[in-house]
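S.K.: I would like to see how this sequence folds:
(chains A, B, C and D)
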Amino acid sequence: LETVPTIKKLRAYAEKIRAAEVEKCLSKMGDEVPKKSQKAVDDLSRGIVNKLLHGPMQHLRCDGSDSRTLSETLENMYALNRMFNLET
Amino acid sequence: LETVPTIKKLRAYAEKIRAAEVEKCLSKMGDEVPKKSQKAVDDLSRGIVNKLLHGPMQHLRCDGSDSRTLSETLENMYALNRMFNLET
Amino acid sequence: ERKQDLISRLKNGKNFLRNQDLEKAFLEFKTAFELAQKLEDPIEEKKAARGLGASLQRQGKFRDAVKYHSIVLEISQREGEESGNTEAYGAIADCYTELGDLERAAKYYDQYIARLQSD
Amino acid sequence: ERKQDLISRLKNGKNFLRNQDLEKAFLEFKTAFELAQKLEDPIEEKKAARGLGASLQRQGKFRDAVKYHSIVLEISQREGEESGNTEAYGAIADCYTELGDLERAAKYYDQYIARLQSD
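M.R.: Below is the predicted model:
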């Protein structure tokens, strides 16, 4: 459970990047972007972020049933906090 | 220098996700996607991936001049190898 | 017509949200939510519910936010269509984390994580 | 006309690359590269050089791949326009990693990493 706040912060970190890049993209595409394209762009951005976060997020959860130990999970958390500067 | 292969593998991991999602997005957008929109989508995908990878990549490099120690850099590498399953 | 009104309410809501004008955002999404219900448009109904959840969450009203994010999950179940669920699970978990209920947050994050690889 | 031919060569090259048809990809990019030079179109010239580098790299011809990826950097310097540089630094570093020259790879990765946050 110690890793729960890190999950939240990592999600927020990625969402900020995603939202900013989507906005930039849509403004480059012009005024009249078809709804279908807007949805495709939104799906693209979520697809990349979610698939990239999947591994780290999974390794922040330690349900006791698998081989992932608590200490390894905590080490993952410390590394993610460092690498994404999540403590501040 | 031990971390160099991990940088390469992490780049390849992210590029695979990026390329697949871009292809999906462009096919959803239909046959006649303007070049400007294609470029915007490509920039979007690279923007998200690059900005998300920036932290981890930076923390895989240890140039001795900053406070990042070698052992911390190696711990980051082990965590990334685990979380993105980069050893296989 | 009403569908057009619905679309523009959602768009306004998003813009207010972006500009941190949270109460105005809430009102736009609320109107959009009611319109979507009348029009029986579950996809837009979910977008409105998500917007309502996000508006409340950013105001620190986490319990109320959970209610609206949960409506997204209910609509998905009712309609047999899962769009927006990954984000809803994540947002509910974020709210429980803020409320200090890490146990419940973890359960919702597990649902969120289980869906990260799907489309 | 020639600009149209250039565009379609680049597109064909990309498709061949995607289907792992690496020699055909190389030939398309080679033609595109020469066309771009004639047309004095540095943006497309860089795309062709990048494609040539990628085709060679996937064939395991890492030294030749480095040459073409480096051309991207040279064109950028000549034109004072940096598009494609981040990717070129990364790709050159990947090649040196494959060649076992980790020292040189690290230097190029540092250039790559320094550019990850820019647009």
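
S.K.: In which helix or strand does residue C:110 reside?
M.R.: Per DSSP states H and E: residue C:110 is located in helix C:102-114.

S.K.: Is that helix positioned near chain A?
M.R.: Yes. Contact of helix C:102-114 with chain A is found when judged by Cβ under 8 Å from any Cβ of the partner chain, involving C:102, C:103, C:105, C:106, C:109, C:110, C:112, C:113. In this view, the C-beta of every residue, glycine as well, is placed from N, C-alpha and C.

S.K.: Would you tell me which residues of chain A are close to chain C?
M.R.: Those residues of chain A that sit near chain C, judged by Cβ under 8 Å from any Cβ, are A:1, A:4-5, A:7-8, A:11-12, A:43, A:46-47, A:50-51, A:53-54, A:57-58, A:61, A:63.

S.K.: From the residues you listed, list the buried ones, please.
M.R.: A residue is treated as buried here by neighbour count (16 or more other Cβ atoms under 10 Å in any protein chain shown); on that basis the buried members of the residues of chain A next to chain C are A:4-5, A:7-8, A:11, A:43, A:46-47, A:50-51, A:53-54, A:57-58, A:61.

S.K.: So which of the residues you listed sits lowest on pLDDT?
M.R.: Summarising pLDDT for those: the lowest-scoring member is residue A:61, with 88.

S.K.: So it: helix, strand or coil?
M.R.: Following DSSP: H, G, I helix; E, B strand; the rest coil, the label given to residue A:61 is coil.

S.K.: One more: residue C:55?
M.R.: Classification of residue C:55 using three-state DSSP returns helix.

S.K.: Can you get me a residue count around the residue in chain C positioned nearest to chain A?
M.R.: Among residues of chain C, the one nearest chain A by Cβ to the nearest Cβ turns out to be residue C:116. It sits 4.0 Å away. As a burial measure, the neighbour count of residue C:116 was computed by other Cβ atoms under 10 Å in any protein chain shown and equals 20.

S.K.: The residues of helix C:102-114 next to chain A, buried ones only, as a ChimeraX selection?
M.R.: Here is the ChimeraX command that picks out the buried ones among these, judged by 16+ other Cβ under 10 Å:
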select /C:102,105,106,109,110,112,113
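
S.K.: Among the residues of helix C:102-114 next to chain A, find me the one that's closest to residue C:51.
M.R.: residue C:112 (18.9 Å; Cβ to Cβ).

S.K.: So for the closest one, what's the pLDDT?
M.R.: Note on residue C:112: pLDDT of 97.

S.K.: contacting residues for it?
M.R.: By Cβ atoms under 8 Å, 6 or more residues apart in numbering or on different chains, the contact list for residue C:112 reads A:57, C:86, C:89, C:90, C:93.

S.K.: Out of these, which sit inside helices?
M.R.: Residues of the contacts of residue C:112 located in helices (DSSP state H): A:57, C:86, C:89, C:90, C:93.

S.K.: Kindly indicate which of those lies nearest chain B.
M.R.: residue A:57 (8.8 Å).

S.K.: My guess is that closest one contacts residue A:8. True?
M.R.: No. Here residue A:57 lies out of contact with residue A:8, judged by Cβ atoms under 8 Å, at a distance of 10.9 Å.

S.K.: what's around the nearest residue to residue C:7 once chain neighbours are set aside, how many residues?
M.R.: Excluding its sequence neighbours, the residue lying closest to residue C:7 (Cβ to Cβ, 6 or more residues apart in numbering or on different chains) is residue C:44, at 7.6 Å. Burial of residue C:44 is recorded as 19 neighbouring residues (other Cβ under 10 Å).

S.K.: Going by secondary structure, residue C:44 is in what exactly?
M.R.: Using DSSP H and E, residue C:44 maps to helix C:42-58.

S.K.: List the contacts of whatever residue of chain A ends up closest to chain B.
M.R.: In chain A, no residue comes nearer to chain B than residue A:79, which is 3.4 Å away by Cβ to the nearest Cβ. Residues counted as contacts of residue A:79 (Cβ under 8 Å, 6+ apart) are B:59, B:75, B:76, B:78, B:79, B:80.
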